[in-house]
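Colleague: 3D model of this:
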Amino acid sequence: MSFVRIWVHVVFSTKNREPNLEKELRKEVIGHIMANCKVKDIFLQAISGYSDHLHLLISLGPLQSISKTVQLIKGESSNWINKSEMLRGKFAWQDDYFAVSVSESQLVNVERYIRNQEEHHKTKPFSEEVEQFMNRFGWTAE
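Modeller: Next up is the predicted model:
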């Protein structure tokens, strides 16, 4: 039996960063993603977000890849939102996403950061958060 624990902090936004995820809808979407992750054997430790994005802390299993896992979460949730007609017009997630590994020693901090998204974004817009992530991890937009 293999024992694998690969923690990943994933962030993805709504298409064009549209603020479609108002508080009540966001709660429904988060609840749906949590239930869907259980069905698909995706270990979701934490999830939260704001009006234009979500943060997830997941642990990948031995046969799961980041790209496939994120694709399953984003694809199924956008399909569910559209099928449920929760918004006027078509809902979509941005194609790209942010994913970075998390060490066991940082789990509590990352989980706290994720769960505190609403408070965090009262003072910092998502665009500033993205820029901060890009600088912190030495990435450049292409």
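
Colleague: Which residue ranges of the protein form strands?
Modeller: Shown for the chain, the strands assigned by DSSP state E span residues 6-13, 43-50, 53-60, 98-102.

Colleague: Adjacent strands (with direction) for the shortest one?
Modeller: According to DSSP bridges, strand 98-102 forms sheet pairs with strand 6-13 (antiparallel).

Colleague: Taking strand 53-60 as reference, get the angle to the strand it pairs with.
Modeller: 160 degrees (axes from the mean of the first three to the mean of the last three CA atoms, to 10 degrees).

Colleague: what is the orientation angle of strand 6-13 with strand 43-50?
Modeller: 30 degrees.

Colleague: can you list contacts of strand 6-13?
Modeller: With CB atoms under 8 Å, 6 or more residues apart in numbering as the contact definition, strand 6-13 has outside contacts at 45, 52-60, 66, 70, 74, 93-94, 96-104, 107, 110, 114, 126, 133. To be clear about C-beta, it is placed using only N, CA and C from the backbone, and glycine gets the same treatment.

Colleague: any low-confidence regions in the chain?
Modeller: Low-confidence segments of the chain, defined by pLDDT under 70, span residues 1, 120, 124-127, 130, 133, 137, 139, 141-142.

Colleague: follow-up on the earlier one: give the buried subset of the contacts of strand 6-13 as a PyMOL selection command.
Modeller: Restricted to buried positions by 16 or more other CB atoms under 10 Å, the PyMOL selection for the contacts of strand 6-13 reads:
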select buried, resi 52+53+54+55+56+57+58+59+60+66+70+74+93+97+98+102+107+110+114+126
